[in-house]
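J.: Need the 3D shape of this:
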Amino acid sequence: MATRQSSTKSKGKKKKQKSWFYRHSLGLLIAGIAIFVTGISVLAFVFIPYSGSDTDNEWIYIPKGISQAAVKDSMKSNLGSSMGTRVYIIWKLMGGNSEKSQGAYKVSPGQSALNISRRVALGRQTPVEVRFNGTRTMKQLSERIAAQLQCSPEEFIEACDEVLPDSGFTRATYPAAFIPDSYEFYWSASPRNIVRRLLDYRNRFWDKSRRSKAARLGLTPAEVATIA
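T.: Numbering: from 1, shown residues only. Okay, the predicted model is just below:
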């Protein structure tokens, strides 16, 4: 009789152990599936590439003084609601700061949300091509520059007043300080930096050889620019 009771208890214990093992294994399986699904979701959230638009490339613009909410709106407006939201969330998780991220960023099809967010968070801007020609007055030139960069026409003229007189230019000869061409700038470049770089290009263009040729014609570089 005692042997039967012992056998019954042993079977019951084994049954409980199997039941616990089954429940434990099932719990681990469910947890594993949940982790796997979560991992896939995170990878999709981070790495699904930007699919582009009708114009192929898009730009994110983050101007000076913009709020965090406005940054999100800009991203959603230019990249679409879904992609823009993903980029904004990752940007925020990376410590995104609108002041540090000020600038313009080109986004091309195939770039992941992680890649876009990292560039914006680190302030790695895409240079903007600036072109101007056929401008006869400083008003026209300043408006053309301002239409392609963040500065205003008034800020550009003010920078000219601060930089150009030290190089011998007067307001009447300011246009001669700028050679019509294509240039690359960061969209958020300061007006003073813009003027200085354009002036430096002009000075390098007017090397000794070109100045000598102008002199043989009885002209100064400024007079050549005026005639042109």
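
J.: Can you show me the strands along the protein?
T.: 58-62, 103-107, 128-132, 181-185 (DSSP state E).

J.: residues making contact with the third one?
T.: The one in question is strand 128-132. For strand 128-132, contacts defined as Cβ atoms under 8 Å, 6 or more residues apart in numbering pick out 104, 141, 144-145, 148-149, 178, 180-187. C-beta here means a position set from N, CA and C on the backbone, and glycine is covered the same way.

J.: tell me the contacts of residue 194?
T.: Counted by Cβ under 8 Å, 6+ apart, residue 194 has contacts 145, 149, 151, 156, 159, 185.

J.: How many neighbouring residues does the third one have?
T.: Residue crowding around residue 151 was assessed by other Cβ atoms under 10 Å; the count is 24.

J.: Show me how the record splits this structure into domains.
T.: Using automatic domain parsing, the domains assigned to the chain come out as 58-122, 128-227.

J.: The contacts of residue 194: which two are farthest apart?
T.: Greatest spatial distance among those (Cβ to Cβ): 159 and 185, at 13.0 Å.

J.: Okay, residue 105 and residue 65: tell me how far apart.
T.: Distance from residue 105 to residue 65, counting by Cβ to Cβ, to the nearest Å: 18 Å.

J.: Look at these two and report which has more neighbours.
T.: Comparing residue 105 with residue 65 by neighbour count (other Cβ under 10 Å), the higher total belongs to residue 105, at 21 against 8.

J.: quick one, what contacts the residue nearest to that one when sequence neighbours are not counted?
T.: Leaving aside its chain neighbours, residue 105 sits nearest to residue 60 (4.6 Å; criterion: Cβ to Cβ, 6 or more residues apart in numbering). By Cβ under 8 Å, 6+ apart, the contact set of residue 60 is 74, 75, 78, 79, 87, 104, 105, 107, 116, 120.
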